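**Student:** This is a predicted model, with the sequence first.
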Amino acid sequence: MDSVLDFLYSVWGIAVVVGVLVVGLIVGLMRPGRRRPPAPPPDVDVRGPGPADTAAPEAPPHDAAAQPSTPPAPTLERPERAGRRMQRLRARLARSNTAFGRSLLALLGGGKLDEEAWEDVEDTLIASDLGVEAATQLVDKLKQRVSAEGTTDEETMRGWLREDLIELIDPSMDRRISSRRLEDRPAVLLVVGVNGTGKTTTVGKLARVMVAEERKVLLGAADTFRAAAADQLQTWGARVGVDTIRSDKEGADPAAVAFDAVKAGQESDADVVIIDTAGRLHNKANLMDELGKIKRVIEKRSPIDEVLLVLDATTGQNGLKQAEVFAQVVNVTGIVLTKLDGTAKGGIVVGVQRQLGVPVKLVGLGEGPDDLAPFDPATFVDALLD
Ligand SMILES: Nc1nc2c(ncn2[C@@H]2O[C@H](COP(=O)(O)OP(=O)(O)OP(=O)(O)O)[C@@H](O)[C@H]2O)c(=O)[nH]1
């Protein structure tokens, strides 16, 4: 009997406890301060942080790891390889020289070639900056051919003119530019010229040509005269992943910067070090002495393999005078003729080579980064006579 009563008491006790718990739970849930928090937003926000997100709780660690810690590096440009450049730029050269080619061929193919007509041909050649001696030589040769063959047919004349012009430009000259390591050291190139001819631009463009040929290039900003020149050069280099050695001190000794650049090139196993120098007037003795010093100081550390003289093709005969003075101070090994896109006087190529006995190695045909081409005599003459 007692056990039955015990059982009834237990059931009643459990029922009372369960009832109290259920009532308590319902009351608790109905209180305003105890509502369940809303569901959290999705944990990936493709919009990125906005002003409203600044007070948001810290993102969990795995979110932080998904964010890049540094901004992505700028994409390096891929410069055009040297081989195709002259062909691409041929049309530009032809456009600026149409007057020269057309008038010459009109004169030659105009039927009767009397003395007066030959004189006109010679004048046209001289006006294109070919030089008097070369113009006379060319006319004499053409005259002989006409009298021997007895023809003045335009296509035949064009062929002869082409041959003779190519011969005057001398395709046998070595136009290669040192850009390979020599005897376990980098090749050293020095770039010189008067103000504004396009030296810095040429160094920048040349670095691109060499990067396209997979050379390891280092630039030296020895133009310490113009504050912006080093920045300009550094920008050119950075576009193709090339470093620039420079001084942050305005007016620093350019010879010291050139020396440091060559040293850095040797220590970093570069293939080639290209040194930009300040523009200087060929008739300013102190500036030409400074150039001589740059050369001597570099040579304490390494031989100089190439001295490129940058000439502005639009300055014509005046450029030839500059060239002579530079050649006396530094041993010029190659000419870069810039701004050929802006002159109808393509004959300057012949003029400058004959005067200096130094080959034109590169031509600048525009302001674009890949508008510098290795000079090729046949393509050049074809463009002149287009
Ligand atoms: N059209 C054309 N412009 C060129 C060419 N090469 C260079 N230039 C322009 O010529 C101007 C002078 O070029 P820079 O490279 O600054 O000349 P620089 O010789 O270094 O000048 P300095 O250091 O002051 O002597 C710039 O506006 C170039 O864009 C070219 O082949 N064609």
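**Tutor:** Nice, thanks for sending it over.
**Student:** Contacts only, for residue 135.
**Tutor:** Contacts for residue 135 (CB atoms under 8 Å, 6 or more residues apart in numbering) come out as 122, 125-126, 347. (Each C-beta comes from the backbone N, C-alpha and C, glycine too.)
**Student:** one more time with 10 Å, if that's ok
**Tutor:** Shown in contact with residue 135 (CB atoms under 10 Å, 6 or more residues apart in numbering): 121-129, 168, 347, 350-351.
**Student:** Looking at these, which is nearest the ligand?
**Tutor:** residue 129 (16.3 Å; CB to the nearest ligand atom).
**Student:** The stretch 51-200 of the chain: helices as residue ranges?
**Tutor:** With helices called from DSSP state H, counting those that start in this stretch, the stretch 51-200 of the chain shows them at 61-66, 85-96, 98-108, 115-127, 132-149, 154-169, 199-212.
**Student:** Deepest-packed of those helices, please.
**Tutor:** Most buried of the helices of the stretch 51-200 of the chain, by mean neighbour count (mean count of other CB atoms under 10 Å): helix 199-212, with a mean of 24.
**Student:** that older thread, nearest to residue 363, out of the helices of the stretch 51-200 of the chain?
**Tutor:** Closest approach to residue 363 among the helices of the stretch 51-200 of the chain is made by helix 85-96 (7.9 Å; CB to CB).
**Student:** can you tell me if that closest one touches the ligand.
**Tutor:** No - applying CB under 6 Å from any ligand atom, one finds helix 85-96 separated from the ligand by no less than 9.3 Å.
**Student:** Report all helices and strands that that helix contacts.
**Tutor:** helix 199-212, strand 360-364, strand 372-374, helix 377-384 (3 or more CB pairs under 10 Å, 6 or more residues apart in numbering; DSSP states H and E).
**Student:** want to throw those into CSV with distance to the ligand and mean pLDDT?
**Tutor:** Formatted as CSV, the helices and strands packed on helix 85-96 follow (distance: least, CB to the nearest ligand atom, whole Å; pLDDT from 0 to 100):
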stretch, distance to the ligand, mean pLDDT
helix 199-212, 3, 95
strand 360-364, 2, 95
strand 372-374, 7, 92
helix 377-384, 14, 88
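**Student:** Nearest to residue 116 among the ones you listed would be which one?
**Tutor:** Here helix 377-384 is closest among those (CB to CB), at 23.7 Å.
**Student:** Give the buried residues for stretch 373-386.
**Tutor:** 373-377, 379-385 (16 or more other CB atoms under 10 Å).
**Student:** end-to-end on that stretch?
**Tutor:** Criterion CA to CA, to the nearest Å; first-to-last residue distance in stretch 373-386 is 19 Å.
**Student:** near the ligand, which residues of this structure show up?
**Tutor:** Close to the ligand, as judged by CB under 6 Å from any ligand atom, the chain has residues 193, 195-201, 223, 226, 229, 278-279, 338-339, 341-342, 364-367, 371.
**Student:** of all the buried residues of stretch 373-386, which two lie farthest apart?
**Tutor:** 374 and 385 (20.4 Å).
**Student:** which residues in this structure form strands?
**Tutor:** 187-192, 217-222, 243-245, 272-277, 306-312, 334-338, 360-364, 372-374 (DSSP state E).
**Student:** Redo these as JSON lines? Include distance to residue 291.
**Tutor:** Below are these laid out as JSON lines (distance: least, CB to CB, whole Å):
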{"stretch": "strand 187-192", "distance to residue 291": "6"}
{"stretch": "strand 217-222", "distance to residue 291": "10"}
{"stretch": "strand 243-245", "distance to residue 291": "19"}
{"stretch": "strand 272-277", "distance to residue 291": "7"}
{"stretch": "strand 306-312", "distance to residue 291": "10"}
{"stretch": "strand 334-338", "distance to residue 291": "16"}
{"stretch": "strand 360-364", "distance to residue 291": "19"}
{"stretch": "strand 372-374", "distance to residue 291": "23"}
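**Student:** List buried residues within the residues of the chain next to the ligand.
**Tutor:** 193, 197-201, 223, 229, 278-279, 338-339, 341-342, 364-366, 371.
**Student:** residue ranges with poor pLDDT in the protein?
**Tutor:** 1-74, 97-99, 110-111 (pLDDT under 70).
**Student:** So which of the strands of the chain is nearest residue 163?
**Tutor:** Going by CB to CB, the one of the strands of the chain nearest residue 163 is strand 360-364, 19.0 Å.
**Student:** how far off strand 306-312 does that closest one point, in degrees?
**Tutor:** Angle between the axes of strand 360-364 and strand 306-312 is 50 degrees (criterion: axes from the mean of the first three to the mean of the last three CA atoms, to 10 degrees).
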